[in-house]
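Participant: no sequence on this one, just coordinates:
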């Protein structure tokens, strides 16, 4: 296996919903494992996600999990997920779905460097940047 760089996202009790949402955005195969699968004494967090991984047809990988109650959780404090490339149709599709129920901080439009760029925070509090490069 080659090295890969991908985001690992932390949630507070809604990792399943978030990972299923991202699967709806990007497609692909989603694997989810609960705390209860690995620890029969997990108690109230038994059905929460200990580890989830989405592998998409475009080669993206997103991992995520629920944060146990005894651990600090500050959504979006230290991660931004960046999508970039030159497939305008594909990237616009992702942008439309990610920003639809979130908050746009920079509209996806042509920027001074010549590319289209936008930034938003999705409905789960995760910040995203989309950069669509110019061709030619």
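Facilitator: Yes, it's here. Source: prediction; values computed, not measured. Numbers count the residues shown, from 1 in each chain.
Participant: what about the strands in this protein?
Facilitator: 8-11, 29-34, 49-55, 61-66, 81-85, 103-110, 116-121, 127-132 (DSSP state E).
Participant: reformat the ones you listed as JSON lines; add mean pLDDT.
Facilitator: Conversion of the strands of the chain to JSON lines gives the following (pLDDT from 0 to 100):
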{"stretch": "strand 8-11", "mean pLDDT": "92"}
{"stretch": "strand 29-34", "mean pLDDT": "97"}
{"stretch": "strand 49-55", "mean pLDDT": "95"}
{"stretch": "strand 61-66", "mean pLDDT": "93"}
{"stretch": "strand 81-85", "mean pLDDT": "91"}
{"stretch": "strand 103-110", "mean pLDDT": "97"}
{"stretch": "strand 116-121", "mean pLDDT": "95"}
{"stretch": "strand 127-132", "mean pLDDT": "92"}
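Participant: now stretch 65-82, how far from the centre of its chain.
Facilitator: For stretch 65-82, the separation from the chain centroid amounts to 12 Å (computed by C-alpha atoms, centre = their mean, to the nearest Å).
Participant: and stretch 57-71, end to end?
Facilitator: The straight-line separation of the ends of stretch 57-71 (C-alpha to C-alpha, to the nearest Å) is 33 Å.
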